[in-house]
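Trainee: I need the structure of the sequence given here:
(one chain, ligands or ions: 2)
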Amino acid sequence: MSQGKVVLVACGSFSPPTYMHLRLFEIAKDYMHSFGLGTIVGGIVSPVHDAYGKKDLVPAPHRIEMLKLSLKSSSWVKVSEWETQQAGWSRTRVSLQYHQDTINKHKSSHNLNEDPPSWLPDDILNVNNIDEPDNLNQMLNGNVSDDVTVKLLCGADLLESFATPGLWSDEDLETILGRYGIVVVSRVGSDPGRMINESDILYKYRRNVIVISNYITSDVSSTVIRRLVRRGESPKYLTDDAVISYIIQHGLYGARSQIKN
Ligand SMILES: Nc1ncnc2c1ncn2[C@@H]1O[C@H](COP(=O)(O)OP(=O)(O)OP(=O)(O)O)[C@@H](O)[C@H]1O
Ligand SMILES: NC(=O)c1ccc[n+]([C@@H]2O[C@H](COP(=O)(O)O)[C@@H](O)[C@H]2O)c1
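Mentor: Ligands and ions are numbered 1, 2, ... in the order given. All right, here's what the predicted structure looks like:
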């Protein structure tokens with residue numbers, strides 16, 4: 001298992017973002033830190049293109065704006081608009097590849113002046129961090145690599161979707177699991193351990209799959225928020241207040257102004 005620097009990338013619809021989407025990053029960061037599984041230097045949320053065509057997927061500019069509102073208080077998780085700016089839907093492998101390539105390109109100090117994308121983690125742009133004494137010591141002792149690897153951050157339902165026939169190509173899964181690796185947070189009703197045991201490809205790459213049991217379980221989903229909004233009920237405390245105001249203001253998900261806020 002790599003113990004170098006890691007950037008977590010979460011791909012999904014985020015229609016709308018819930019507080020659990022953002023909790024995933026905090027849960028993963030704490031877990032990986034306590035078990036010495038790498039140093040998280042940044043987090044990226046990559047909302048899917050409108051062409052993904054999932055039911056209730058509001059146009060990308062709304063989802064991006066709601067994510068930005070949700071992430072106002074985060075110093076290390078940023079929104080990447082790259083997927084939404086492509087001509088059509090991008091497979092997750094392609095998205096990870098793009099983010100990895102861009103990070104590699106900007107990691108070296110001589111590229112710092114080259115218009116870095118706004119989602120690029122500050123730690124990568126901060127040239128002073130590269131040679132900080134602790135890190136240098138570790139590097140000299142051969143304990144850590146200075147490479148930055150992106151890893152897919154997801155909930156256990158996404159892991160389960162790997163087994164859906166025709167949804168993910170074997171080649172993509174080989175690359176996602178073999179080259180990058182994934183960090184999976186348990187979700188009510190899912191059993192990632194069993195999933196790994198039952199899938200040949202997940203079993204083959206099990207060392208690259210970090211499974212985190214989320215003991216503070218929550219079944220909050222975008223579906224639940226959309227349902228409440230549609231019924232004129234309050235989604236307060238399931239997502240950021242600013243997201244709720246945005247939903248009402250733009251009449252998203254069938255919102256009427258009388259939502260009990
Ligand atoms: N409560 C949760 N616990 C763990 N992972 C979650 C939870 N909610 C969302 N995720 C993860 O967040 C990522 C983005 O998910 P997505 O945008 O599909 O959210 P969702 O709430 O499941 O949406 P929907 O209800 O529209 O299907 C996925 O990897 C998903 O597994
Ligand atoms: N073959 C693939 O790369 C593949 C297949 C299905 C879903 N996905 C991604 O997984 C995420 C799923 O999001 P939802 O759970 O909201 O459907 C999206 O980011 C989507 O692009 C990727």
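Trainee: list phi and psi for the residue nearest to Lys68 when sequence neighbours are not counted.
Mentor: Among residues not flanking Lys68 along the chain, Val79 sits closest, at 5.7 Å (C-beta to C-beta, 6 or more residues apart in numbering). (C-beta placed from N, C-alpha, C; glycine too.) Main-chain dihedrals, Val79, degrees, to the nearest 10: phi -100, psi 130.
Trainee: for Val79, give me its contacts.
Mentor: Shown in contact with Val79 (C-beta atoms under 8 Å, 6 or more residues apart in numbering): 44-47, 64, 67-68, 71, 119.
Trainee: give the residue spans of the stretch 101-250 of the chain that score low on pLDDT.
Mentor: Filtered on pLDDT under 70, the stretch 101-250 of the chain yields the residue ranges 108-113, 127-146.
Trainee: which parts of the stretch 51-200 of the chain are helices?
Mentor: For the stretch 51-200 of the chain, the helices defined by DSSP state H, counting those that start in this stretch occupy 60-70, 82-85, 92-107, 122-125, 127-130, 133-140, 156-161, 170-175, 192-198, 200-204.
Trainee: using TSV, please lay out these together with distance to Ile225 and mean neighbour count.
Mentor: Shown next, in TSV, are these (distance: least, C-beta to C-beta, whole Å; neighbours: other C-beta atoms under 10 Å):
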stretch	distance to Ile225	mean neighbour count
helix 60-70	10	20
helix 82-85	20	17
helix 92-107	23	19
helix 122-125	30	16
helix 127-130	37	11
helix 133-140	41	12
helix 156-161	16	18
helix 170-175	30	14
helix 192-198	24	15
helix 200-204	30	14
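Trainee: out of these, which gets nearest to ligand 2?
Mentor: Nearest to ligand 2 among those is helix 92-107; the distance by C-beta to the nearest ligand atom comes to 3.7 Å.
Trainee: so that closest one, near ligand 2 or not?
Mentor: Yes - under the criterion of C-beta under 6 Å from any ligand atom, ligand 2 is reached by helix 92-107 at 92-93.
Trainee: related to what we said a few turns ago, nearest to Gly36, of the helices of the stretch 51-200 of the chain?
Mentor: helix 133-140 (11.3 Å; C-beta to C-beta).
Trainee: ligand 2 contacts on the stretch 51-200 of the chain?
Mentor: By the rule C-beta under 6 Å from any ligand atom, the part of the stretch 51-200 of the chain lying against ligand 2 is 52, 54, 91-93, 158, 167-168, 172.
Trainee: swap in 5 Å and give it another go.
Mentor: By C-beta under 5 Å from any ligand atom, the part of the stretch 51-200 of the chain that sits against ligand 2 consists of 91-92, 167-168.
Trainee: which non-adjacent residue is nearest Ala28?
Mentor: Nearest residue to Ala28 in three dimensions, chain neighbours excluded: Val183, at 4.9 Å (C-beta to C-beta, 6+ apart).
Trainee: and that neighbour, how far from Gly155?
Mentor: 10 Å (C-beta to C-beta, to the nearest Å).
Trainee: same question for Leu67.
Mentor: From Leu67 to Gly155 the distance is 16 Å (C-beta to C-beta).
Trainee: check His99 too.
Mentor: 19 Å.
Trainee: now swap in Arg231 and tell me
Mentor: The gap separating Arg231 from Gly155 is 25 Å, by C-beta to C-beta.
Trainee: so for these two, which sits in the more crowded spot?
Mentor: Gly155 (21 against 11; other C-beta atoms under 10 Å).
Trainee: let me see the contact set for that one.
Mentor: 20, 24, 184-187, 190.
Trainee: give me that answer again for 7 Å
Mentor: Listed by C-beta atoms under 7 Å, 6 or more residues apart in numbering, the contact partners of Gly155 are 24, 185, 187.
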